[in-house]
Each structure stands twice: as C-alpha cells, then as structure tokens.
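Visitor: quick one, fold the following:
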Amino acid sequence: MSTLKIAVQPYKGTRDFYPDEMRFRKLIFQKISDLVEKYGYEPYDGPMLESFDLYAAKTGEEIVNEQLYSFEDRGGRKVAMRPEMTPTLARMVAKKAKELVRPIRWYSIPNLWRYENPQKGRLREHWQLNVDIFGVDGSAAEAEVLALAIEILKGFGANATMFELRLNHRMITDTFLHSVLKLDSSQLHTVAKLIDKKLKMDPSVFEKALVDIGLNLEQNQKLLDFFSLSLAELRGAFPELEKPSQQLEQTFFTLSAMGYGEYVRFVPEIMRGFDYYTGMVFEIFDKHPENRRSIFGGGRYDNLLDLFGADSMSGIGFGMGDVTFADFLQTHGLTPDVRRENIVALGIFPDSRTEDLWRLAQELRESGIIVEIPWDMKKIPKQIQSVEKKGIRYFLLLGEAELSENSVQLKDLQTGHQEKINRDQLLPRLREILMQLH
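Guide: Numbering: from 1, shown residues only. Got it, this is the predicted structure:
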C-alpha cells in the first residue's frame, strides 16, 4: 500500500474556487457580460492550446521568452497554453474575414496562463474579460471601447475619485524616439520597453537605464522633457507628431462630449507591452494609495490580421484580469454581496411527509426559485443553524399544522420576522421578497 501523501494545495499561482468564490466569480462575470452585451458585443471562445508561432510572432518578448507555458505534443508540434486572447481572436477573425459582417464586436472571458512570479495582482492562472471591435478606423470606435471600460467600473459603483483612464498614442512616442531622438530600430524597441515600465521605476534607475542603452545626455534630457509636455504642447513643438496627436485629440474630444472627460488623462509613458499595438493605447489606473497600479488596459492594433495573410482590418480592444479587478473592488469597498439571499430553504419537521416537501420544492423551482432541503437533519434549530452558515436568508416551514391549513410559515433568518402565508399566495409573496433584494 502506497504511503505517498499528495499535497492539498493547488499548483503555485493558481486558485481553488470553493462555492463562495464561485458565487463571486459567477456574479462578477454575469454582471460584466450583461453590460458588454448591451453595447452589442457577442460572446466567443477559442482553444486553450495554440501554435507556439502564434505568440512568437507578435506577443511581447517577456511573455514569449519567460512566461509562456509551451511544450512539444506527441505529434512533434510546438504548442503553447494561451497567455492572452488577442492572437486567438485575430486568427479566428482572419479565418472568416470575408464572411463576418462588420463592425465585428466580440467579447470573451477565457482562462489564461503565464509563468509569473505570483504576487498581489498577478497569478499564473487567471480569467480575463476581452472586448474587441474590428473594422472601424475612426476615433468613434476608440471612444466606444474606452467608454465601455469606464462603464464597467462605474457599474460596480466606482467613480472618478477612484480611477483614471490614462491615454496615449503609440505613434506619438515611437515617432518621437525615431524622428527627434534619432534612435535606430533596435534602440527604439528597447527604449519603448523601458518606457512601458517607467512609472513603476525610481527616476534615477530609469535615467541610468537610458544611459546603459546608449542614449547620450542630450537625448536623455529631451526624453525627460517630452514626458512633461501636454498633448497640445507636443503637437506645437514637434511637427512630426501632428497626425497622431490630432487623432488622439479627437478621441479626447469625443470622450469629453460623451461625459467622460473627468476620467481621462494624457500620459505619454503608457505604451503597453504587446508588440502588436499600432495606435491609441490606454490603461485604467487605480488612484487608491494602497493599490496605486494599472488595473487593465488595451489599445488599437491594425496589422494583426496580416500574420495570417488576410486583408488588413483595424482592431481595438482591451483585457481586464479578474485578479486585479477583484483587488480594485476590495480596496474601494465595492465588493458585491454574494450571500445566498435568493435561495429558500425548506425545513423538515420530524413528521413531515417527503412527498409534500418534494411537491412544494418542485413547484417553487419550476417558477424560478432556488430551493434547498436539509434532508439529513432532524431538529428545526439545527436546520436553521446550518442554512444560516450557508448564507441562506429565508426558511420555509411545512409541518402537519400547515398542511391542514393549506399554509406555509416563512421565516426571515436575518430579521427574525416570521409570517404565515396561504399556499396560493406563497409564490407571489416569495417573488416580491426576492425582487426587493435586487
């Protein structure tokens, strides 16, 4: 007989979801899905495994070289577990590009994997909302996606004192690095990656890294001055930035006209780590002093379909991970109540007839009410204690007296209030009570 004891802890960087956690996850995902679908987005999904080449082509070097779960399958093919959803989305759109009606508005909440160093806000396995729109070139689509990102947080009770949307255009920063600082393509790529980390770094460390890359003192100072300028000042000082600055200004104008001006700020350090972004990029940033960090972000990618030999099609989207989003809600006291108040427990008296209990339970279930019966407990106080621990608020009593009177006792375990209800009034009364909870 084997004496091997297997650990009860899950694999490092992953989570077990017990019913309490699953209720939270289900509630969050459902609320987000309902909101996104109001904007016309449709759900999709793809495989957990993809060709390694799909990520090697456009996903950032850090993810491919350090964080990708990849292996060779039994057929000798190099495959990877998806670390993000956008490459899969682009592949799927490219596959049916000529059949799909534009604009294409899709969303998903897939399970993703990265070999991260587990820490606050980062795990190796997480779920992520992905919202994307293909086939719209103008700033109106950008404004829609950004407004939706803001509305998701507002939908959970957040406001402009809690977060801000930091906005930039990749071509503003890339053009400055190439045309003003005269960096070669290798330097530009390296500096762009460094800029993406700037807001998390000590200023002296950032400046030393620039010198190590090969920037001279004049280039270094010009770059630091660049970060201090407003969008209007950049446009006036550098003619090379006219076109991307104008595009970004239009997005700002549209968002302001939609009523979101107080949420949005120009931040030229925002680059996003993925190599496929070509235009507008953004991050939602938590303002709380205990959680000052990026919550999620995204941007425009116009060349991703080229990888598959398909005609170019503009795309804009964002991804929001469940871990950082849950941290944001908890930090600001916005975590929704996941108690099981929409469930009714049906108590069992010692003399209860099983068929009567079952008949009532099925009647309520068929009407859309969730009913739980504590079959193995004999005493009512023990049953009440048990369902209270589960977060169930309402308790129904159906004994011999109630059967003879064609009634039911309904007890609110939170307030202690108890009322007798005729059987023909039970369903409308329960619906009234449960509706008030929402």
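
Visitor: what lies in contact with stretch 37-50?
Guide: Outside of stretch 37-50, the residues within contact range by C-beta atoms under 8 Å, 6 or more residues apart in numbering are 33, 79-82, 85, 87-89, 91-92, 105-108, 110-111, 131, 133, 144, 148. From N, CA and C alone the C-beta is placed, and that goes for glycine too.

Visitor: now for residue 334: which residues touch it?
Guide: 156-158, 328.

Visitor: give me that answer again for 10 Å
Guide: Residue 334 sits next to 153, 156-158, 162, 328 when contact means C-beta atoms under 10 Å, 6 or more residues apart in numbering.

Visitor: can you give me phi and psi for it?
Guide: Backbone geometry at residue 334, expressed as degrees, to the nearest 10, gives phi -110, psi 10.

Visitor: quick one on the thing from earlier: just the buried members of the contacts of stretch 37-50?
Guide: 33, 79-82, 85, 87-89, 91-92, 105-108, 110, 131, 133, 144, 148 (16 or more other C-beta atoms under 10 Å).

Visitor: can you tell me which of those residues are in helices?
Guide: 33, 87-89, 91-92, 144, 148 (DSSP state H).

Visitor: mind picking the lowest-pLDDT entry from those?
Guide: Model confidence across those bottoms out at residue 87, which has 90.

Visitor: count of residues packed around the closest residue to that one other than its chain neighbours?
Guide: If the residues on either side of it in the chain are set aside, residue 87 comes closest to residue 54, at 4.8 Å by C-beta to C-beta, 6 or more residues apart in numbering. Residues within reach of residue 54, counting by other C-beta atoms under 10 Å, total 18.

Visitor: how about residue 167?
Guide: 25.

Visitor: secondary structure class for it?
Guide: Three-state call for residue 167 (DSSP: H, G, I helix; E, B strand; the rest coil): strand.

Visitor: hmm, residue 231 and it touching each other?
Guide: Yes - applying C-beta atoms under 10 Å as the test, residue 167 and residue 231 come out as touching, 9.0 Å apart.

Visitor: the stretch 51-200 of the chain: helices as residue ranges?
Guide: Under the criterion DSSP state H, counting those that start in this stretch, the stretch 51-200 of the chain contains helices at 52-58, 61-62, 86-95, 139-155, 170-175, 185-196.

Visitor: dump those helices to JSON lines, plus distance to residue 424.
Guide: As requested, those are arranged in JSON lines below (distance: least, C-beta to C-beta, whole Å):
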{"stretch": "helix 52-58", "distance to residue 424": "61"}
{"stretch": "helix 61-62", "distance to residue 424": "65"}
{"stretch": "helix 86-95", "distance to residue 424": "52"}
{"stretch": "helix 139-155", "distance to residue 424": "38"}
{"stretch": "helix 170-175", "distance to residue 424": "66"}
{"stretch": "helix 185-196", "distance to residue 424": "65"}
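
Visitor: out of those, which gets the lowest mean score?
Guide: helix 61-62 has the lowest average pLDDT among the helices of the stretch 51-200 of the chain, namely a mean of 76.

Visitor: ok, residues contacting that one?
Guide: Residues contacting helix 61-62 (C-beta under 10 Å, 6+ apart): 68, 114, 189, 193, 196, 273, 275.

Visitor: so how far is residue 124 from the first one?
Guide: For residue 68, the distance to residue 124 equals 11 Å [C-beta to C-beta, to the nearest Å].

Visitor: and if you look at the fifth one?
Guide: With distances defined as C-beta to C-beta, the gap from residue 196 to residue 124 amounts to 21 Å.

Visitor: which residues are in contact with whichever strand or helix holds residue 248?
Guide: Here residue 248, judged by DSSP states H and E, is contained in helix 242-257. Residues outside helix 242-257 that contact it (C-beta under 10 Å, 6+ apart): 138-144, 146-147, 150, 165, 167-176, 231-236, 238, 241, 260-266, 279-280, 282, 300.

Visitor: where does residue 297 land in three-state SS?
Guide: strand.

Visitor: residues in contact with the nearest residue to it once chain neighbours are set aside?
Guide: Closest residue to residue 297 apart from its sequence neighbours, by C-beta to C-beta, 6+ apart: residue 283 at 3.6 Å. Taking C-beta under 10 Å, 6+ apart as the contact definition, residue 283 lies against 149, 164-168, 199, 267, 269-272, 293-299, 318.

Visitor: hang on, residue 283 is in a helix, isn't it?
Guide: No - counting by three-state DSSP, residue 283 falls outside a helix, being strand.

Visitor: and the gap between it and residue 22?
Guide: Residue 283 is 29 Å from residue 22, by C-beta to C-beta.

Visitor: again, but for residue 113
Guide: 20 Å.

Visitor: same question, residue 212
Guide: In terms of C-beta to C-beta, residue 212 sits 48 Å off from residue 22.

Visitor: so where is the stretch 1-150 of the chain shaky, pLDDT-wise?
Guide: Flagging of the stretch 1-150 of the chain using pLDDT under 70 yields the residue ranges 1-2.

Visitor: what does the stretch 301-438 of the chain give?
Guide: 377, 438.

Visitor: mind listing the helices for it?
Guide: Using DSSP H, counting those that start in this stretch, helices in the stretch 301-438 of the chain cover 322-331, 354-366, 380-389, 400-405, 423-436.

Visitor: present those helices as JSON lines; the columns should include mean neighbour count and distance to residue 308.
Guide: Formatted as JSON lines, those follow (neighbours: other C-beta atoms under 10 Å; distance: least, C-beta to C-beta, whole Å):
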{"stretch": "helix 322-331", "mean neighbour count": "19", "distance to residue 308": "29"}
{"stretch": "helix 354-366", "mean neighbour count": "14", "distance to residue 308": "48"}
{"stretch": "helix 380-389", "mean neighbour count": "15", "distance to residue 308": "53"}
{"stretch": "helix 400-405", "mean neighbour count": "14", "distance to residue 308": "66"}
{"stretch": "helix 423-436", "mean neighbour count": "14", "distance to residue 308": "49"}
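
Visitor: just put these in JSON lines and tack on distance to residue 372.
Guide: Supplementary listing: these in JSON lines, determined by distance: least, C-beta to C-beta, whole Å:
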{"stretch": "helix 322-331", "distance to residue 372": "27"}
{"stretch": "helix 354-366", "distance to residue 372": "9"}
{"stretch": "helix 380-389", "distance to residue 372": "7"}
{"stretch": "helix 400-405", "distance to residue 372": "19"}
{"stretch": "helix 423-436", "distance to residue 372": "14"}
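
Visitor: now for the closest residue to residue 12 other than its chain neighbours: which residues touch it?
Guide: Leaving out its chain neighbours, the residue that sits closest to residue 12 by C-beta to C-beta, 6+ apart is residue 118, at 6.2 Å. Residues near residue 118 by C-beta under 10 Å, 6+ apart: 12-14, 124-125, 323.
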